[in-house]
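Colleague: Need a 3D model of the following:
(chains A and B)
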There are 2 protein chains.
Amino acid sequence: MQELKNRIKNDGHIISESILKVDSFLNHQIDWKLMENIGIEFHKIFGHLKIDKIVTIEASGIVIGVMVAKALNLPLVYAKKGKPSTLSKAFCTQVFSFTKQKNSDISISKEYLKKDENILVVDDFLASGNAIIGLLDLITQAQANLIGVGIVIEKSFQTGRKRLKALDINLHSLAQIESLQDGKVKFL
Amino acid sequence: MQELKNRIKNDGHIISESILKVDSFLNHQIDWKLMENIGIEFHKIFGHLKIDKIVTIEASGIVIGVMVAKALNLPLVYAKKGKPSTLSKAFCTQVFSFTKQKNSDISISKEYLKKDENILVVDDFLASGNAIIGLLDLITQAQANLIGVGIVIEKSFQTGRKRLKALDINLHSLAQIESLQDGKVKFL
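Modeller: Okay, the predicted model is just below:
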């Protein structure tokens, strides 16, 4: 997706060889029009499949999720961090965060993830793949089906893609970053 | 907003005389079309004002925020919980959560909240008003201007409205709940 790649080149900040900051348009300040176009792009990729629901994880997946939900005219469900007191009957799992260097609980209410539902998972970043594998765990607990995974920015130099492909997941990323070396974003 | 009130009546779950669960359409599973209509409704209310930016707080404010941003064609900035490692220069404050019975840090990067900017704050719920007052603290630190506050569901039997009106805030709520007594939602 050229518009996205241009935006990453122009407005992304390379913090280190493994960290790209895109919080001017994707996960702190939000450019709603780019997000809407990302939704339309995922519709082009996944729109031919039978999908019942979009699933993502709070917080930075939510904007992507709702725009994909709009483009495909489907409900969105976002996994919550922790085990909220108002979610008494929920599927729960743990996700290890490299940023925070700890395990975090995530959960989805059993009311909103049902047996045999076809699920498209979307998220802003793919790095280690831990968040997606956590969501897959929730989907598996529900006996629902993971139809595909749509990622906005994939750090292809990390292990996420390999881990998800080993699980035979239908993975599409709108921007695949080969490296962040020498202060430059190099796309695949 | 009648569509919203009908939805609360039909799909809201009254957990107690102070807790209304709307996670089938507003803050866990999301009905994107209702969210889009909420954005359009806030445009009707605030669209005549000079506004530079929409501000909300993660996680459940984000969907509202991006739909208001779309309706008003403005950027959205959402306050993050905690002090993320990638936010080195941020405005920070603490918000007391009654649900969690503890203080939580929230922050907005100084890059995305500037002096003299006119800010519209939106959020899903108004109860005690603590979250909005926390956001006002960040806006004040930035020497920006709070132009208005748009709330989807106001629990009018709690202290939030009184506290915000005492600060002379331009407050509009799409659904004002007078009480949740006897298992019924009573609107003002």
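Colleague: Pull out the buried residues from the longest strand anywhere in chain A.
Modeller: Assignment by DSSP state E gives strand A:145-155 as the longest strand of chain A. Residues A:Leu146, A:Ile147, A:Gly148, A:Val149, A:Gly150, A:Ile151, A:Val152, A:Ile153, A:Glu154, A:Lys155 are the ones in strand A:145-155 that count as buried (16 or more other C-beta atoms under 10 Å in any protein chain shown). Every C-beta, even on glycine, is put in place using the N, C-alpha and C of the backbone.
Colleague: how about those residues, which pair is most distant?
Modeller: Using C-beta to C-beta, the two most remote members of these are A:Ile147 and A:Lys155, lying 23.4 Å apart.
Colleague: who in chain A is up against chain B?
Modeller: Proximity of chain A to chain B is confined to A:15, A:19, A:21, A:23-24, A:28-33, A:35-36, A:58-59, A:62-63, A:65-67, A:69-70, A:73, A:75-78, A:80-81, A:84-87, A:99, A:108-109, A:111-112 under the rule C-beta under 8 Å from any C-beta of the partner chain.
Colleague: filter those to the buried ones?
Modeller: A:21, A:23-24, A:28-32, A:35-36, A:58-59, A:62-63, A:65-67, A:69-70, A:75-78, A:80-81, A:84, A:86-87, A:108-109, A:112.
Colleague: Next up, identify which helix or strand the residue most central in space within chain A is on.
Modeller: The centre of chain A sits closest to A:Asp123, judged by C-alpha atoms, centre = their mean, with a distance of 1.2 Å. Element membership of A:Asp123, judged by DSSP states H and E, is strand A:118-126.
Colleague: just the angle between that strand and strand A:145-155, please?
Modeller: Calculated by axes from the mean of the first three to the mean of the last three C-alpha atoms, to 10 degrees, strand A:118-126 forms an angle of 10 degrees with strand A:145-155.
Colleague: what's the distance between strand A:118-126 and the middle of its chain?
Modeller: Mean C-alpha position of strand A:118-126 versus that of the full chain (C-alpha atoms, centre = their mean, to the nearest Å) differs by 4 Å.
Colleague: From the contact counts, what lies against whatever helix or strand comes next after that strand?
Modeller: Sequence-wise, the next helix or strand downstream of strand A:118-126 (DSSP H and E) is helix A:130-141. If you count contacts as 3 or more C-beta pairs under 8 Å, 6 or more residues apart in numbering or on different chains; DSSP states H and E, helix A:130-141 packs onto strand A:53-57, strand A:76-81, strand A:90-97, strand A:102-109, strand A:118-126, strand A:145-155, helix A:160-166.
Colleague: among those, which is nearest A:Asn6?
Modeller: The closest of those to A:Asn6 is strand A:145-155. By C-beta to C-beta, the value is 13.2 Å.
Colleague: what angle do that closest one and helix A:130-141 make?
Modeller: For strand A:145-155 against helix A:130-141, the angle between stretch directions is 180 degrees (the same axes, to 10 degrees).
Colleague: could the helices and strands packed on helix A:130-141 be laid out in a markdown table, adding mean pLDDT?
Modeller: Converted to a markdown table, those look like this (pLDDT from 0 to 100):
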| stretch | mean pLDDT |
| --- | --- |
| strand A:53-57 | 98 |
| strand A:76-81 | 96 |
| strand A:90-97 | 92 |
| strand A:102-109 | 94 |
| strand A:118-126 | 98 |
| strand A:145-155 | 98 |
| helix A:160-166 | 98 |
